[in-house]
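Chemist: give the three-dimensional model of this entry:
(one chain, ligands or ions: 1)
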Amino acid sequence: MAMIEWNDGLSVGIQAIDDDHKTLIKLINDLFDALEQGAEEAVLSHTFGNLERYIRHHFAREEELMMRCSFEYTGRHVQQHQQFIKDIEQLKSAVVTSSSRSVAEDVVHYLSDWLIKHIVTEDTKLAQLSEEESYPRRFSGVDNRFNKLASWLAKSVAFKRRMLMVVCIPVFSMLIFCLINIWSDFQQLKEAQKLNVIFETVKSSSELIHLLQAERGMSVGVINSGFTNFFSDVGDIRGNTDAAIDSLWRRYSEASDSRLKSQAETVANWRNDIAQLRRSMDARAIKSSVLRTGYTSVIEGLLTIADQMIHVEMPHDLNNAIIANISVMHFKEKVGVGRALGTKSIELRSVNADSLHMFLKVLGEQRGFITTFYRTAVPKQREMFKELEFGEIYRTAKKEEAKLIDAWSKQNLNYLDPIVWWKSQTRRMDEIQVLNRQLSSYLQQQTSNFVLELRQNMMSLILLAAVLMTISITVCFLLVRSVIAPVSHLTKALTHLSTGDRSVKVEGIEANDEFRHMASAYELCRRGLLRSDYEYVRSLINEREVIRYKHLSSIDILTGEYNRRKFTELAAQEIHRARRYHRPIAVLLLDVDHFKRVNDCYGHAQGDLVLKSICRRVSDQLRSSDTLGRIGGEEFAIILPETTQEQSVQLAKRICATVADQPFKFPPHVIHVSVSIGLVFEHEISPSVSLDALMSRADTQLYRAKAEGRNRVCSEMEAASVAKDSVEN
Ligand SMILES: Nc1nc2c(ncn2[C@@H]2O[C@H](COP(=O)(O)OP(=O)(O)OP(=O)(O)O)[C@@H](O)[C@H]2O)c(=O)[nH]1
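Modeler: As a prediction, the model looks like this:
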């Protein structure tokens, strides 16, 4: 029968160590079997030797592993190993040389207890530590980078923090995303607010260009008419132009953007240039062509500044919209140039090819700007332009343009009226200016919408960020409550359980999930351990009961000495030992003399007291290694191991004397009693001599002692010497 058995639950997870443990279990079982079968000393010694060697081998393997893992308690463990190896030599001698079977069994129990403790506590700790090492493991998982990373994370970042990471990383990523977008929107908002200023200046520039175009046309008309036509109109328009220049200058000089501010000086210069042109005109000291060039250069300058605005960073749609708007401003200027060319040609009736060529070139430039407009304009702007193109004024002007080209091609401008031409083109320019204003308003509207959209976007992002923060804080709080707290409770409870404290319950887990299952499993485990604790205590009690019953079944109730059964068992062991080790032994049979009379005279109760007292006196004479037993009513037997013949005879005589010399006093009675003893002695017990044989021989001597008068010791040696004496005599 196996003393202990391997159970996979004992595995520490390291194949080599598990194999060692299995072999150790087998060797302990072998030792137990050998003892069960009553093996000879040589067999026991061999079996124990195997166990001892394997323990040394196992310790060496463990110590090597401890060194490799830098195990914290290596020194202490090595010391324990050395101590155990010393102890095991004593255990070996206890098993091999002890004649007592129970001693050998105790040693085997001790060894099996040691092995289980060693596997369950010491080696399990070591195995946990060696997980990081490359020691061949039984359950090696898939060793890939992901697993390594996960393992690194598990070791470097505590569970609580990992849980927080799970929540915080995505939430904070989104938060950062929101903040980046808020920042970007904020920047765009600032730019958009600047755009408003830019569009205002473009609008003002457009108004100024329109007034300058009108002033240029009228001023040229005044000069060309010899200062007869339009003179009063020029005065009115100059005032408007001055107001528009001042307004534009103020816009530029008050602008916070350095790009705009720098244009204020240019506008001031243009104001001076225009004033100079006017003075020259009023002094009639300028040609119309020079005057036109002067105005045109200012207009082109204004258009160039407007052109620069398209390079300001802004949303694509707005950028296209402003390009479209500026294209219309350019287009209008080209209409103005065409108007002047046509007017001059009709007035002079000039049909030269250069003029026609220039006119056609201007028309080409107009088409170019219209193409740019259509390419960049947003649908709404296109709609506005189409309305203009299909309007009566625009179509009339285009018809006049066609008439002029036709007349030019026929080389006859005589039937054309310059006033009609000029007016048609002027009305067309006015219409275009109306369109320009609409386009500018549209731009401002778009910018306002854009700003509004940005503001709303920013507000939404701020709201989202606030919601995310609230969610993350709430989720963190909930996680702490619902995950980390149960894990902490369970860990605490398990720690208590592992140290033997079975009283800690897991409380506060309200979820109906894995934690509840874990808590239930823990509770089952705790109750199971409690039950096994009680069972263990129960088994200890039972064991004690068995020992007590065993004791009772071995003891004579009256005297407290061994009864016949136990005495026979112990006497047989002593005889076995004496035979094995060739040691001497003596057997004494003692009978109370005339005890019937004691009973008869003093009663049975008094007789019992006398028997007890005799036993005490006899026992007082014995050594601890001697064995006394009551084998009959008033008959006792004594085994004296390791005693010489002389010592045994002396002891027997001393017993006789100690009983007979002092009467037993049980007031009011004084009872005189004696004992007779039959003694046998063996220097060395041969295999043929049994306990029964010795007892029988002792009984013969006892019978002789009774026969010879009682209160004496009779032995075989003395009988032999008497017989020898009589033969010699
Ligand atoms: N009080 C008491 N008497 C016992 C007990 N056991 C046996 N006896 C008595 O011991 C007596 C033994 O008597 P016998 O066998 O005739 O021997 P004896 O009277 O001692 O005489 P010898 O042995 O020949 O010296 C009997 O009267 C038994 O009743 C006991 O436990 N208590």
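Chemist: ok, the residue nearest the centre of the chain to His489 distance?
Modeler: Central residue of the chain (C-alpha atoms, centre = their mean): Phe159, 3.7 Å from the mean position. Shown here: Phe159 relative to His489, a distance of 13 Å by C-beta to C-beta, to the nearest Å. The way it works is simple: take the backbone N, C-alpha and C, and place the C-beta from them, glycine included.
Chemist: now swap in His46 and tell me
Modeler: For His46, the distance to His489 - C-beta to C-beta - is 54 Å.
Chemist: more neighbours, these two?
Modeler: Neighbour totals were compared for His46 and His489, and His489 leads with 20 against 14 (other C-beta atoms under 10 Å).
Chemist: the more buried one against Glu507, yeah?
Modeler: Yes. Using C-beta atoms under 8 Å, His489 and Glu507 qualify as a contacting pair, with a distance of 7.1 Å.
Chemist: and the next element down the chain from the strand or helix carrying Leu291?
Modeler: Taking DSSP states H and E as the definition, one finds Leu291 inside helix 288-309. Downstream of helix 288-309, the first helix or strand assigned by DSSP H and E is helix 316-348.
Chemist: that following helix - contacts with which helices or strands?
Modeler: When contacts are defined as 3 or more C-beta pairs under 8 Å, 6 or more residues apart in numbering; DSSP states H and E, helix 316-348 sits against helix 159-224, helix 288-309, helix 353-376, helix 379-389, helix 392-409, helix 418-479.
Chemist: dump these to a markdown table, plus mean pLDDT and distance to the ligand.
Modeler: Putting the helices and strands packed on helix 316-348 into a markdown table (pLDDT from 0 to 100; distance: least, C-beta to the nearest ligand atom, whole Å) gives the following:
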| stretch | mean pLDDT | distance to the ligand |
| --- | --- | --- |
| helix 159-224 | 85 | 76 |
| helix 288-309 | 92 | 136 |
| helix 353-376 | 93 | 135 |
| helix 379-389 | 93 | 132 |
| helix 392-409 | 93 | 152 |
| helix 418-479 | 88 | 82 |
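Chemist: those helices into TSV, with extra columns for distance to Ala16?
Modeler: Putting these into TSV (distance: least, C-beta to C-beta, whole Å) gives the following:
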stretch	distance to Ala16
helix 159-224	31
helix 288-309	82
helix 353-376	81
helix 379-389	81
helix 392-409	100
helix 418-479	42
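Chemist: neighbours of Arg271, how many?
Modeler: By the measure other C-beta under 10 Å, the count of residues near Arg271 is 17.
Chemist: can you list the residues of the stretch 601-729 of the chain near the ligand?
Modeler: Within the stretch 601-729 of the chain, the positions lying close to the ligand (C-beta under 6 Å from any ligand atom) are 604, 607-608, 611, 633-634, 706, 710.
Chemist: those in strands, which ones?
Modeler: Among those, no member falls in strands (DSSP state E).
Chemist: now those residues in a markdown table, with pLDDT?
Modeler: Shown next, in a markdown table, are these (pLDDT from 0 to 100):
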| residue | pLDDT |
| --- | --- |
| His604 | 92 |
| Gly607 | 93 |
| Asp608 | 94 |
| Leu611 | 95 |
| Gly633 | 90 |
| Glu634 | 93 |
| Lys706 | 95 |
| Arg710 | 93 |
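Chemist: for ChimeraX, what selects the buried ones among those residues?
Modeler: Entered in ChimeraX, the line below selects the buried ones among these, by 16 or more other C-beta atoms under 10 Å:
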select :607,611,634,706,710
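Chemist: closest one of the residues of the stretch 601-729 of the chain next to the ligand to Gln83?
Modeler: If you rank these by distance to Gln83 using C-beta to C-beta, Leu611 comes first, at 51.0 Å.
Chemist: tell me, how many residues neighbour Tyr703?
Modeler: By other C-beta under 10 Å, the residues close to Tyr703 number 15.
Chemist: before we move on, the earlier item: what sits closest to the residue nearest to the centre of the chain if chain neighbours are left out?
Modeler: Of all residues not flanking Phe159 in the chain, Val487 sits nearest, at 6.5 Å (C-beta to C-beta, 6 or more residues apart in numbering).
Chemist: could you report the neighbour count for the one you found?
Modeler: 15.
Chemist: please consider this matter closed, and thank you.
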